[in-house]
Structures are given as structure tokens and as C-alpha cells.
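Asks: Got a predicted structure here, sequence first:
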Amino acid sequence: MEYDDENIFAKILRGEIPCSKVHEDKWSLAFHDISPQTPIHILVVPKGRYVSIDDFSKNAGGEEIAGFFRAVGHVAREAGVSEKGYRILANHGRDAHQEVPHFHVHIFAGRDLGGMVRNTVK
Ligand code: AMP
């Protein structure tokens with residue numbers, strides 16, 4: 001899948017639409033999810049043009065990957081959720097219901113998050 005420069009996170013990264021920013025560094029931008037599914041729901045996106053984890057893990061440089069994942073941990077610590085716990089999630093593709101085609105990691109926290117995935121259909 002080709003990267004689409006008109007996706008919503010690309011627009012946020014270019015400053016064309018606003019976000020509720022919690023962190024920014026050389027490699028990443030983190031902001032609150034517009035439709036939170038847990039009391040704390042933060043998205044961390046790389047600044048580079050990657051469609052999903054599949055693209056990022058294949059094509060990003062080592063420094064970029066390290067910088068991005070350091071930012072994920074940093075954001076969680078800054079949000080004060082490291083002690084009680086949190087979950088990170090990255091959707092790739094149709095079966096995972098990925099909505100925005102710019103790689104992002106969700107940080108969910110702020111309550112008991114239950115089991116890992118919905119388990120009604122195997
Ligand atoms: P995914 O299904 O992993 O692609 O998740 C996309 C996430 O982006 C969803 O949780 C949306 O609520 C969130 N989202 C969509 N538009 C925005 C926006 N403008 N600002 C913040 N979060 C957004």
C-alpha cells in the first residue's frame with residue numbers, strides 16, 4: 001500500500017489540523033485520541049511516512065525505530081501510568097481494522113484493561 005499524504009495524521013504532523021499534543025521530539029509526535037476508549041488513550045506516531053507497522057518495521061532506519069519506541073515509553077511514564085500498567089497496540093490492515101494509514105501506537109491506560117483481545121469468535 002502506497003503512503004497517502006492526505007491521511008489525517010499526515011495533516012496533524014504538517015500542522016494543518018490541530019491535535020491535543022502531549023509530546024514531540026525528533027522522531028515522534030504524541031497526542032490524545034479524539035475518541036478515547038480508555039480514561040487515558042494516547043497515540044504515538046512517527047514523523048516519517050509509514051503506512052503501518054509492516055512498513056515501519058521493514059523500511060525505517062534503526063535510529064528512527066529506536067527513537068520512536070523510546071518515545072512510546074517516555075510518553076507512558078510522563079502520563080504516570082507505568083506503575084499501574086498500560087497496553088500498547090498497533091493495528092495493521094483490514095483484519096485489525098486499521099483506520100488511519102499512518103503507523104501509530106495506541107497507549108491505553110487508566111483502568112483495568114481486561115483480556116488481550118475479544119475472544120468470542122476464534
Ligand atoms: P486505528 O484503527 O488503529 O487506525 O486507530 C485510529 C485512531 O485514530 C482511532 O482511535 C481514532 O479515534 C483516532 N483518530 C482519528 N482522527 C483523529 C484525530 N483527528 N485526532 C486524534 N485521534 C484521531
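Replies: Received, thanks.

Asks: okay, CA-based contacts and neighbour counts for the rest of this
Replies: Noted.

Asks: backbone phi and psi for residue 107, please?
Replies: With angles defined as degrees, to the nearest 10, residue 107 sits at phi -110, psi 120.

Asks: Next secondary structure after the strand of greatest length in the chain?
Replies: If you go by DSSP state E, the chain has its longest strand at strand 40-46. Using DSSP states H and E, the helix or strand that follows strand 40-46 in sequence is helix 53-59.

Asks: quick one, the helix or strand that comes right after that following helix and strand 40-46 angle?
Replies: Once the chain leaves helix 53-59, the next helix or strand it forms, by DSSP H and E, is helix 62-78. Interaxial angle, helix 62-78 versus strand 40-46 (axes from the mean of the first three to the mean of the last three CA atoms, to 10 degrees): 160 degrees.

Asks: Could you list every helix and strand that helix 62-78 packs against?
Replies: Using 3 or more CA pairs under 8 Å, 6 or more residues apart in numbering; DSSP states H and E as the contact test, the elements touching helix 62-78 are strand 28-32, strand 40-46.

Asks: Near the ligand, which residues of this protein are found?
Replies: Residues of the chain found near the ligand (CA under 6 Å from any ligand atom) are 19, 32-35, 90-91, 97-100.

Asks: Which of these fall in helices?
Replies: Among the residues of the chain next to the ligand, no residue falls in helices (DSSP state H).

Asks: Find the residue at the geometric middle of this structure.
Replies: The chain has residue 105 as the residue nearest its centroid, 2.2 Å off, counting by CA atoms, centre = their mean.

Asks: what's near enough to touch that one?
Replies: Counting by CA atoms under 8 Å, 6 or more residues apart in numbering, residue 105 touches 43-45, 72, 88-90.

Asks: Ok, residue 98 next?
Replies: 91-92 are the contacts of residue 98 under CA under 8 Å, 6+ apart.

Asks: what do you get for the one 10 residues further on?
Replies: Neighbouring residues of residue 108 by CA under 8 Å, 6+ apart: 37-42, 86-88.

Asks: Report the secondary structure state of it.
Replies: Of the three states, residue 108 takes strand under DSSP: H, G, I helix; E, B strand; the rest coil.
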